[in-house]
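Visitor: Everything below, folded, please.
(2 chains)
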2 protein chains.
Amino acid sequence: MNAGALFVPVAEELAGLEVELERVAEVDDPIFAELLRHILRGRGKRLRPSLAFLTTGLISGDRARSTSSRHYPWADAGAASPRLPMDSDAGTLPLAVALELLHTATLVHDDLLDNAFVRRGNPTLNAIASQGVTVLVGDYLFAGAADYANRCHNLAVMDVVVKAAMTICKGEIRQIFSAGDYKQSMEQYYRQIDAKTAALFAAASECPGILAGQGAEVVARLREYGHSLGVAFQIVDDILDFTGDEKVLGKPVGSDLRQGTVTLPTLYALQSVAVSDRLLSLLEGDGDREANVSQAVQLVRQSPAIEDSYATAADFVRAAKESISIFPDSPYRRSLLALADYALRRER
Amino acid sequence: MNAGALFVPVAEELAGLEVELERVAEVDDPIFAELLRHILRGRGKRLRPSLAFLTTGLISGDRARSTSSRHYPWADAGAASPRLPMDSDAGTLPLAVALELLHTATLVHDDLLDNAFVRRGNPTLNAIASQGVTVLVGDYLFAGAADYANRCHNLAVMDVVVKAAMTICKGEIRQIFSAGDYKQSMEQYYRQIDAKTAALFAAASECPGILAGQGAEVVARLREYGHSLGVAFQIVDDILDFTGDEKVLGKPVGSDLRQGTVTLPTLYALQSVAVSDRLLSLLEGDGDREANVSQAVQLVRQSPAIEDSYATAADFVRAAKESISIFPDSPYRRSLLALADYALRRER
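Guide: Numbers count the residues shown, from 1 in each chain, chains lettered A, B, ... in the order given. Below you'll find the predicted structure:
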């Protein structure tokens, strides 16, 4: 099962998202429009918009189904999904667009800075446009994200989205400054993956609660769901950088260590007496850097660090599921629970 | 007289702005904080924040002075400026910070893309930090601008600021794609300088009106003031790129032509039968590019295009002054009128 199957309950909303993203690309200048279309057209998993739509459904519920049906619509991908209209739908589309634009803006600048020329099998923007154009299109997407966030007409939502953007930028700057610092703490790692993934996931699940006028406790639980899910996703991402299949991943394993980025598997391995000294000497040692990284990847792979990292990710998955336990059963809740499980199982 | 003297009526507010900008730089990471301080510390003219503060004063007025005094406080720079508290002050500081952060973000990315290493006598961010850090610090400033704009707690203000940001980015992308296009129209030029300068000036003078709850006609006049002032500023900027003193400007003359950027003096010169053919052959011709640009600059300087451009700028200055004629006399209005005149007279 792929992530897409989980999103069947919000298939209609996701189709609406694609229409709106096409609209974002409708700018005067034809070359600029073409570049926007290139980067916005449906290649991503649309995880953050899906999260926002599912959370909106979670809140409004789906009473007709939740009492009588044991049919799990996300289990048969592609099936038509007749459903009740959501109550608090109006504000979720602009929110979803804002989240996707913000995410895309960060990817556009990331790919430029990483000199990455392919993403999800397609050329990155910096592969087909100059540095200048890439920076400016990213900037335009940031501004576009703020524009759509403001269309939710809710100052608190804008605040959550803007603060997430600031957290992301701060985290990326910190990551550059802390590259190759193998002495960094667990706390630093968690702060880092909050910035990288969890802050925007948390925004995606918190904002629908704010828009639906939910109380502080409910909003906090929704935020907790997105945050825990995001942390689990990122930990598994970091594990796959050691254990993944390069063909499935679409990038070479060991990318993080090669860039000096310290993630949970490395931190756990460095805590293990059996592995620590050898690993550190490979990472900090002179000699053939590429050979050292390869050996370091092998060392971490064969250590209990991978299993320990999965156990930690599983804790966050449990926390995510627990945080939405107060909501009644619905296709949306089932999708969100399955999405949490999917975070652990996924291969890319 | 320099621009600073015009801002004496809002000296206190501008001091508050500096304090708040220092606060923006207070981030955890010490290197990041140092970089933010480096780019935010008072080197710019703070034109956009000043415009926002003066407009706030213009609206609330200063009755005590406007009836009795012929003393022009902006004429003696540095003099203490006792003044009445402004009515609608509360929201202007976050707005002013937002405008300055947005402006700074665009400069940070511009300098990177232009490979400029000095601005106002100081090293640019890209001169002291890597490409990656420069892009990300610019991104952080964009997000920070949205954060402060949202602290105005006004959706319409956020919309104006965000739309200005989008206009700026779009304009810069268009400028790259239209470089070297000497056949472009006047309309394209005006769209370009709207993006470069006038949109943010217009936001700076419009938003205080929105925050003060003024009616649509008043808000439109305030916007018109900032827009016309911005156009005049940019036209004079474009003239000074031909006629300025390199030592005062802090950059070589002819920068625009060297980058293929077509501005009003060039457009007017190209309309003149006496100059057009020779100029076009220099601009589009082969041979020593630098020598061609130098000769083209001389040609435009000696043509009536400079005088014509000043006449056009003067029209916009008049329009700016006319648009605030409905407000009662006050130190703020006097400053705004003098600022419009200053736009024409300035040497850098």
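Visitor: quick one: which helix or strand includes residue A:176?
Guide: Using DSSP states H and E, residue A:176 sits in helix A:155-177.
Visitor: Quickly check: that helix near chain B or not.
Guide: Yes. Helix A:155-177 lies within reach of chain B by C-beta under 8 Å from any C-beta of the partner chain, at A:155, A:158-159, A:162-163, A:165-166, A:169-170, A:172-174, A:176-177. Quick note: C-beta positions are derived from backbone N, CA and C, even for glycine.
Visitor: tilt between the strand or helix carrying residue A:39 and helix B:155-177?
Guide: Residue A:39 is part of helix A:30-40 when elements are defined by DSSP H and E. Angle of helix A:30-40 versus helix B:155-177, following axes from the mean of the first three to the mean of the last three C-alpha atoms, to 10 degrees, is 110 degrees.
Visitor: Put the alpha carbons of helix A:30-40 into CSV.
Guide: C-alpha atoms of helix A:30-40 as CSV (Å, rounded to 0.1, in the frame of the first residue of the first chain):
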residue,chain,number,x,y,z
PRO,A,30,5.1,32.6,-19.8
ILE,A,31,8.5,31.3,-18.8
PHE,A,32,7.9,32.0,-15.2
ALA,A,33,4.5,30.3,-15.4
GLU,A,34,6.2,27.2,-17.0
LEU,A,35,8.7,27.0,-14.2
LEU,A,36,6.0,27.3,-11.6
ARG,A,37,4.0,24.5,-13.3
HIS,A,38,7.1,22.4,-13.5
ILE,A,39,7.6,22.5,-9.7
LEU,A,40,4.0,22.5,-8.6
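Visitor: how about it against chain B, any contact?
Guide: Yes. Against chain B, helix A:30-40 shows contacts by C-beta under 8 Å from any C-beta at A:31-32.
Visitor: which residues sit against that helix?
Guide: Contact with helix A:30-40 is made by A:21-22, A:24-27, A:100, A:104, A:108, A:122, A:125, A:128-129, A:133, A:137, A:140-141, B:170, B:173-174, B:177, as judged by C-beta atoms under 8 Å, 6 or more residues apart in numbering or on different chains.
Visitor: and the closest residue to residue A:155 other than its chain neighbours, backbone torsions?
Guide: Closest residue in space to residue A:155, ignoring its immediate chain neighbours: residue B:153 at 5.8 Å, by C-beta to C-beta, 6 or more residues apart in numbering or on different chains. Phi and psi for residue B:153, reported as degrees, to the nearest 10, are phi 60, psi 40.
Visitor: ok, back up a step: and the angle for the helix or strand following the helix holding residue A:176 with helix A:155-177?
Guide: Later in the chain than helix A:155-177, the nearest helix or strand by DSSP H and E is helix A:186-193. Orientation of helix A:186-193 against helix A:155-177 (the same axes, to 10 degrees) gives an angle of 120 degrees.
Visitor: average model confidence for helix A:186-193?
Guide: Per-region confidence: helix A:186-193 scores 96 on mean pLDDT.
Visitor: next structured bit after it?
Guide: Next helix or strand after helix A:186-193 toward the C-terminus (DSSP H and E): helix A:199-211.
Visitor: what's next to that following helix, contact-wise?
Guide: Helix A:199-211 is contacted by residues A:47-49, A:51-52, A:55-56, A:58-59, A:88, A:91-92, A:95, A:99, A:102-103, A:152, A:154, A:156-157, A:160-161, A:163-164, A:167-168, A:171, A:218-219, A:222-227, A:229-230, A:233 when judged by C-beta under 8 Å, 6+ apart.
Visitor: Mind doing that once more with 6 Å?
Guide: A:48, A:51-52, A:55-56, A:88, A:91-92, A:95, A:99, A:156-157, A:160-161, A:164, A:167, A:218-219, A:222-223, A:225-227, A:229-230 (C-beta atoms under 6 Å, 6 or more residues apart in numbering or on different chains).
Visitor: now, which of those residues lie within helices?
Guide: Assigned to helices by DSSP state H, the following of the contacts of helix A:199-211 qualify: A:48, A:51-52, A:55-56, A:92, A:95, A:99, A:156-157, A:160-161, A:164, A:167, A:218-219, A:222-223, A:225-227, A:229-230.
Visitor: before we move on, back to that, kindly give a single ChimeraX line that selects the buried subset of the residues of helix A:155-177 next to chain B.
Guide: Here the buried members of those are turned into a ChimeraX selection, burial being counted by 16 or more other C-beta atoms under 10 Å in any protein chain shown:
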select /A:155,158,159,162,163,165,166,169,170,172,173,174,176
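Visitor: pLDDT for the residues of helix A:155-177 next to chain B - can I get that in CSV?
Guide: As requested, those are arranged in CSV below (pLDDT from 0 to 100):
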residue, pLDDT
A:155, 96
A:158, 97
A:159, 98
A:162, 98
A:163, 98
A:165, 98
A:166, 98
A:169, 97
A:170, 96
A:172, 95
A:173, 96
A:174, 94
A:176, 93
A:177, 92
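Visitor: can I get the residues of helix A:155-177 next to chain B in a markdown table with distance to residue A:307?
Guide: A markdown table is the format used below for the residues of helix A:155-177 next to chain B (distance: C-beta to C-beta, whole Å):
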| residue | distance to residue A:307 |
| --- | --- |
| A:155 | 45 |
| A:158 | 42 |
| A:159 | 39 |
| A:162 | 39 |
| A:163 | 35 |
| A:165 | 35 |
| A:166 | 35 |
| A:169 | 34 |
| A:170 | 32 |
| A:172 | 29 |
| A:173 | 32 |
| A:174 | 28 |
| A:176 | 30 |
| A:177 | 31 |
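Visitor: what does the stretch 151-300 of chain A put close to chain B?
Guide: A:153, A:155, A:158-159, A:162, A:165-166, A:169, A:172-174, A:176-177 (C-beta under 6 Å from any C-beta of the partner chain).
Visitor: Looking at the stretch 201-348 of chain A, which residue is nearest chain B?
Guide: Taking C-beta to the nearest C-beta, chain B has its nearest neighbour within the stretch 201-348 of chain A at residue A:259, 11.2 Å off.
Visitor: Just the pLDDT for that residue.
Guide: 89.
Visitor: Quickly note the distance from the spatially closest residue to it that is not a sequence neighbour to residue A:107.
Guide: What sits nearest to residue A:259 in space, not counting adjacent residues and going by C-beta to C-beta, 6+ apart, is residue A:179, at 6.4 Å. Between residue A:179 and residue A:107 the computed distance is 19 Å (C-beta to C-beta, to the nearest Å).
Visitor: More neighbours: which of the two?
Guide: The neighbour comparison of residue A:179 against residue A:107 (other C-beta atoms under 10 Å in any protein chain shown) goes to residue A:107, with 19 against 11.
Visitor: Could you look up the SS state of that one?
Guide: Of the three states, residue A:107 takes helix under DSSP: H, G, I helix; E, B strand; the rest coil.
Visitor: Quick check: bridge partners of the nearest residue to it once chain neighbours are set aside?
Guide: Among residues not flanking residue A:107 along the chain, residue A:119 sits closest, at 6.9 Å (C-beta to C-beta, 6+ apart). With DSSP bridges as the criterion, residue A:119 is bridged to residue A:122.
Visitor: Just give me the neighbour total for residue A:119.
Guide: 20.
Visitor: Around chain B, which positions in the stretch 1-150 of chain A sit nearby?
Guide: Counting by C-beta under 6 Å from any C-beta, the stretch 1-150 of chain A sits next to chain B at A:29, A:31-32, A:109, A:113, A:132-133, A:135-136, A:139-140, A:142-143, A:146-147, A:150.
Visitor: can you give me the helices for the stretch 201-348 of chain A?
Guide: Using DSSP state H, counting those that start in this stretch, the helices found in the stretch 201-348 of chain A span residues A:216-243, A:246-249, A:255-258, A:264-271, A:273-284, A:289-302, A:305-323, A:331-345.
Visitor: can you put the ones you listed in a markdown table and add mean neighbour count?
Guide: Conversion of the helices of the stretch 201-348 of chain A to a markdown table gives the following (neighbours: other C-beta atoms under 10 Å in any protein chain shown):
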| stretch | mean neighbour count |
| --- | --- |
| helix A:216-243 | 23 |
| helix A:246-249 | 11 |
| helix A:255-258 | 19 |
| helix A:264-271 | 22 |
| helix A:273-284 | 14 |
| helix A:289-302 | 17 |
| helix A:305-323 | 19 |
| helix A:331-345 | 21 |
